[in-house]
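Trainee: need coordinates for the following:
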Amino acid sequence: MFNKILVAIDRSTASRDVFETAVSLAKTTGASLMLLHILANELKQDPTLFVYSGIRYNVMSEPLLKAYEEQWQKFEEKRLEFLRSLVREAKTARVDADFTQFWGNPGRDICDLAQAWSADLILVGSRGLTGIKEMFLGSVSNYVTHHAPCSVFIVHKTGNTSLSVNYDSQSFQDKQGELTSFTSGKSTLRKREFVAKSISQLEKEPQSPAKS
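Mentor: Numbers count the residues shown, from 1 in each chain. Alright, predicted model coming up:
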């Protein structure tokens, strides 16, 4: 049984699918949702500090940094309002939900919050990074799959999902069955593909280096 579901929300186009999947699953299981947004300053939507080559920090700092700080304050508030709107939407659907936002490393902090909040399941979207992009930018979903203290449910851009279950021998079949029943019983959801893995199986697989 899932009681607490941590939902990683970013600024990608997949976030809507992640949220809708989380709400549907929470309605089915009676779980509470925690919506998490990590400010990482790594996407093109983030405010950018432009610095001309050759200009010393103390020469350009005052007006430029003040403007940059104001941009970030507006950006942070905009993201907070987005999270508030999702919480209102979840509560309208009779799902208990809350949110949090802070600066950090997405993969690591998703896992840390899951541990601190005692989450039973993490829902995270996949940006679909492959090859060079994944090597340099890192895959948050891949990191979370290999380091999470609980089960991980990945929503891919294609509409498919994959499931990594961290389990003890007693609860594995219950968790796998609960999610399989959930996806097969929802006509509004796309076809789901499940990959169930135990902690021991994950440890045996080649793991990508942790990204900072």
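
Trainee: how about the contacts made by residue 101?
Mentor: Counting by C-beta atoms under 8 Å, 6 or more residues apart in numbering, residue 101 makes contact with 36, 37, 38, 39, 76, 79, 80, 83. (C-beta placed from N, C-alpha, C; glycine too.)

Trainee: now it, what's its secondary structure?
Mentor: What DSSP: H, G, I helix; E, B strand; the rest coil gives for residue 101 is strand.

Trainee: which strand residues bridge it?
Mentor: Under DSSP bridges, the beta-bridge partners of residue 101 are residue 37.

Trainee: got a pLDDT number for it?
Mentor: Per-residue pLDDT puts residue 101 at 95.

Trainee: distance of it from residue 142?
Mentor: Distance of residue 101 to residue 142, given as C-beta to C-beta, to the nearest Å: 23 Å.

Trainee: and for residue 83?
Mentor: According to C-beta to C-beta, residue 83 and residue 142 sit 24 Å apart.

Trainee: ok, residue 98 next?
Mentor: For residue 98, the distance to residue 142 - C-beta to C-beta - is 27 Å.

Trainee: show me which of the two is the more surrounded one.
Mentor: A count of neighbours by other C-beta atoms under 10 Å puts residue 142 above the other of residue 98 and residue 142, at 18 against 14.

Trainee: surely the more buried one is within a helix?
Mentor: Yes. Residue 142: assigned to a helix according to three-state DSSP.

Trainee: ok, residue 93 touching residue 23?
Mentor: Yes. With contact defined as C-beta atoms under 8 Å, residue 93 and residue 23 form a contacting pair (5.5 Å).

Trainee: more neighbours, these two?
Mentor: Legend: neighbour count by other C-beta under 10 Å for residue 93 and residue 23, higher for residue 23 (21 against 13).

Trainee: now the more buried one: which helix or strand?
Mentor: If you go by DSSP states H and E, residue 23 is part of helix 15-29.

Trainee: buried residues, that helix. List them.
Mentor: By neighbour count with 16 or more other C-beta atoms under 10 Å, helix 15-29 contains the buried residues 15, 17, 18, 19, 21, 22, 23, 24, 25, 26, 28, 29.

Trainee: quick one: which of the residues you listed is nearest residue 124?
Mentor: Nearest to residue 124, judged by C-beta to C-beta, of the buried residues of helix 15-29 is residue 18 at 6.9 Å.

Trainee: ok, now how distant is that closest one from residue 8?
Mentor: From residue 18 across to residue 8, the span is 7 Å (C-beta to C-beta).

Trainee: likewise residue 112?
Mentor: For residue 112, the distance to residue 8 equals 12 Å [C-beta to C-beta].

Trainee: the more surrounded of these two?
Mentor: Between residue 112 and residue 8, residue 8 has the larger neighbour count (other C-beta under 10 Å), namely 27 against 14.

Trainee: now that one. Nearest residue, chain neighbours left out?
Mentor: Of all residues not flanking residue 8 in the chain, residue 124 sits nearest, at 4.3 Å (C-beta to C-beta, 6 or more residues apart in numbering).

Trainee: wait, the one you found touches residue 155, no?
Mentor: Yes. Applying C-beta under 8 Å, one finds residue 124 in contact with residue 155, separated by 7.4 Å.
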